[in-house]
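> quick one: sequence plus predicted model below, questions after.
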Amino acid sequence: MPDTALILIDIQNDYFPGGSWEVDKMENVAANAAELLGHARDNGQLVIHIRHEAGSDKAPFFRPGTPGARINDTVEPREAEAVVLKHRPNSFHETDLLDRLRDAGVVNVTICGAMTQMCVDATTRAAVDHGFKTTVVSDACGAKAASFGGINLPAEVVQAAFLAPLAMSYATVITTQEALTR
């Protein structure tokens, strides 16, 4: 049984150029996630893909049954790999993710995907709360620009603002190259 799982969060078509909710540098993020995926497969790690689907066909992105809600071909799941469907940012919320990890004897999780400020953050914090030793691969995660209170934040600032506290208190935050050489 593997003691490590790779969790790929929401690497879905709507986040890519031309999609309904583009995430900054998503093609690079997906390429790095694909390297992690290949490494996990080669090393017998458990691989779990997370797919977000909106609760309504009126949602701005990840609408049920649309091409945008499909996992991008860059990280296409293999038949033996689980795909967990979620409807909230936290990938553990009302899903079987925790059971899958515990049943497989996983103690370490590596997280990548999108968006850093939503689903990656929520899932990372939940993973730690559930007792998993957690690693986040920074350049295999993507953020979206945001604004609040009249302050516009570019994607790279959003990315740093969320990864910094995760690195400080929740997870080991490393790059793809560091993850591949561990």
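It's in.

> low-confidence regions, this protein specifically.
Regions of the chain meeting the criterion pLDDT under 70 cover residues 1.

> which stretches in it count as helices?
26-42, 97-103, 121-129, 155-169, 176-180 (DSSP state H).

> list the buried residues for the second one?
Counting neighbours by 16 or more other Cβ atoms under 10 Å, one finds that the buried residues in helix 97-103 are 97-98, 100-101. Quick note: C-beta positions are derived from backbone N, CA and C, even for glycine.

> Thr172: which of these is nearest?
Of all the buried residues of helix 97-103, Thr172 sits closest to Leu101, with 17.5 Å by Cβ to Cβ.

> for the residue lying closest to the closest one once chain neighbours are set aside, the count of nearby residues, please.
Nearest residue to Leu101 in three dimensions, chain neighbours excluded: Ala5, at 5.9 Å (Cβ to Cβ, 6 or more residues apart in numbering). Per other Cβ atoms under 10 Å, the neighbour tally for Ala5 reads 24.

> farthest pair in the buried residues of helix 97-103?
Going by Cβ to Cβ, the pair spanning the buried residues of helix 97-103 furthest: Leu98 and Arg100, at 7.3 Å.
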